[in-house]
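1. Here is a sequence with its predicted model. Questions after.
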Amino acid sequence: MKFPYYPGCTLKTTAKNFEASALASAGALGIELVELPRWNCCGTVHSLAKDDLMHYLAPIRNLIRVEEMKEERLVEEKRVVTLCAMCYNTLKRANAVVREDAEKMEKVREIMEKETPYGGKAEVVHLLEVLRDLGWSKVADRVERPLEGLRVAPYYGCLLLRPRGFGIDDVDNPQVMEQLMKALGAEVIDIPFKTRCCGTYHTVHMKEVAAELAHRILDQAVEAGADMVVLSCPLCEYNLAGRQDVIRRLFRDFDSMPVVYFTQLMALAFGLDKATGFEQNDPDPRPVLRERGLLREEL
Amino acid sequence: MMDEKESDMVTIYVMGKRYRVPGSLTIMKAMEYAGHQFRRGCGCRGGFCGSCATIYRTKGSYKLQGALACQKIVEDGMYIAQIPFSPAEKRIYDLDELRPEAGTFLEYYPEIARCLSCNTCTKACPQDIMVMDYVQAALRGDIEEAAKLSFDCIGCGLCAVRCPAEIVPYNIAQLARRLYARYVVGPTEQVLKRVEEVEEGKFDEEIDELKGLDRETLQERYETREKRL
């Protein structure tokens, strides 16, 4: 099945391992992700001001591109697949705003003038939802190398789940990543803070604040004996993995905890070693994967 | 004085002042007809140099539009103002020290992150370039796309004047094309060969001959250059 695919900027810059592993492992399941031929910023952060229509132009413009793709028969689906939690959230909420409010839709069209108007037909989904719809048994069938003995702690953060009505799963106790990990053969470690804040953009000006918040999450994973944290948001990854140097400075007893994208573990379990992209992760998850007998020595 | 029929004349307003000019003229020629003399804001007169950015409104329209004065034909009731120069911060960089990635654009032109994808720049472009799309391509580090989309840019500055985020798109475009040439394509075989020929003095004789020609011969050579090729 051909889906329109919206990457977003991080998938092309700091999270290339997320994109490569997602395209390969989704492809292995018959889900072909076709990148939008033209796309712009998702809008980064949904604007809460009700009259701030300028901030809706970017996300709506991307949804117009989705409709165009469907019209040109480049894809079979009008559901656009996202990977980055931020893009998912921003696109989905902007879509809802203009669909539910005809006046806002009209204003957006007026600002865009002669451009193709948005028909309101695109749907925004996250890859995890597409996998769930496909069925966990189908995912399990594709596994060549079950992740036996690997203890993974799923972490969601906020943008995949909140606000209520926009999440891909239950706001308080999401299970979709747990189910995926089980289908891959991994052992799921539950951490109570799996939906808590990673520190988000505080990481820019007050990295200690982000580090402190990230530490609370990582510390639970350490305590529970997890081998690694698995997630779906490049910003969460930046704080949970990228801020571990600051965390070590603030919390002397913290050592390190690998953080990977869920698609990287899919690629690993599907035997798509070249698409895993673990060499881009810091801290490096490969030593523990080798220890568990899941990765060949040379990778 | 040209011989015009009154019916062929239109009324335009240059900086608010009313003039009657022949309706077949470009903005630039119409302004000269009205007595203006260009010292700046005029270059090639052929739509290539980007010196004659102009903004205008047509009769009964709320729209502020942009054009090159040497290309756009006047319309009756047109209000015209020239923008011969757009003040912009031009950053100094050493191409050999840059990296072909999104971070380079953000480092030298951090305001690029303020782009809301409103597309005002694209609408302002007299070259019909997808300006917003190349700014967005640069923002995600797609140097090739940014370079290719912006290839026809002549740096007239209208996008920068219109951008509500005060981005200077043409500077982004130039940086993208430089990075593309330096790091993505690299020096091409033909360029390296030609540089070698220049250094070996292959063209010295021709240049010396041209330097010694008088004005009339030079002009004749220029005017017949395509016939001689």
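-> Everything's here; your move.
2. near chain A, which residues of chain B?
-> B:101-103, B:115-119, B:123, B:132-133, B:136, B:139-142, B:164 (C-beta under 8 Å from any C-beta of the partner chain). To be clear about C-beta, it is placed using only N, CA and C from the backbone, and glycine gets the same treatment.
3. which among these end up buried?
-> Neighbour-count burial (16 or more other C-beta atoms under 10 Å in any protein chain shown) is assigned, among the residues of chain B next to chain A, to B:101-102, B:115-119, B:123, B:132-133, B:136, B:139-142.
4. Now, the residues you listed that are in helices?
-> Among those, the members falling in helices (DSSP state H) are B:A102, B:K123, B:M132, B:D133, B:Q136, B:L139.
5. Let's have these in CSV, adding distance to B:T224 and pLDDT.
-> What follows is those, written out as CSV (distance: C-beta to C-beta, whole Å; pLDDT from 0 to 100):
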residue, distance to B:T224, pLDDT
B:A102, 49, 96
B:K123, 42, 95
B:M132, 44, 98
B:D133, 42, 98
B:Q136, 46, 98
B:L139, 48, 96
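6. Could you say which helix or strand holds A:D133?
-> If you go by DSSP states H and E, A:D133 is part of helix A:127-134.
7. ok, and for that helix, which residues are buried?
-> For helix A:127-134, the neighbour count (16+ other C-beta under 10 Å) marks A:L127, A:L128, A:E129, A:V130, A:L131, A:R132, A:L134 as buried.
8. try stretch A:155-163
-> Across stretch A:155-163, burial judged by 16+ other C-beta under 10 Å covers A:Y155, A:Y156, A:G157, A:C158, A:L159, A:L160, A:L161.
9. Can I get it in CSV? Just the C-alpha atoms.
-> C-alpha atoms of stretch A:155-163 as CSV (Å, rounded to 0.1, in the frame of the first residue of the first chain):
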residue,chain,number,x,y,z
TYR,A,155,8.8,6.3,26.2
TYR,A,156,6.1,8.5,24.6
GLY,A,157,6.5,12.0,25.8
CYS,A,158,3.6,14.4,25.1
LEU,A,159,3.0,15.0,21.5
LEU,A,160,2.0,11.5,20.5
LEU,A,161,-0.7,11.4,23.2
ARG,A,162,-1.9,14.9,24.1
PRO,A,163,-4.2,16.7,24.1
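10. hmm, who's touching that stretch?
-> Contacts with stretch A:155-163, where a contact means C-beta atoms under 8 Å, 6 or more residues apart in numbering or on different chains, come from A:85-86, A:88-89, A:126, A:128, A:167-171, A:174, A:177, A:191, A:193-198, A:200, A:217, A:221, A:229-233, A:235-236, A:240.
11. Out of those, list just those in strands.
-> The strands, defined by DSSP state E, take in A:H126, A:V229, A:V230, A:L231 from the contacts of stretch A:155-163.
12. Using JSON lines, please lay out these together with pLDDT, distance to B:C44 and neighbour count.
-> Below are the ones in strands among the contacts of stretch A:155-163 laid out as JSON lines (pLDDT from 0 to 100; distance: C-beta to C-beta, whole Å; neighbours: other C-beta atoms under 10 Å in any protein chain shown):
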{"residue": "A:H126", "pLDDT": "98", "distance to B:C44": "52", "neighbour count": "24"}
{"residue": "A:V229", "pLDDT": "98", "distance to B:C44": "60", "neighbour count": "27"}
{"residue": "A:V230", "pLDDT": "98", "distance to B:C44": "59", "neighbour count": "29"}
{"residue": "A:L231", "pLDDT": "98", "distance to B:C44": "55", "neighbour count": "27"}
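13. What are the structural domain limits within chain B?
-> Chain B breaks down into these domains under automatic domain parsing: B:6-82, B:95-185, B:189-228.
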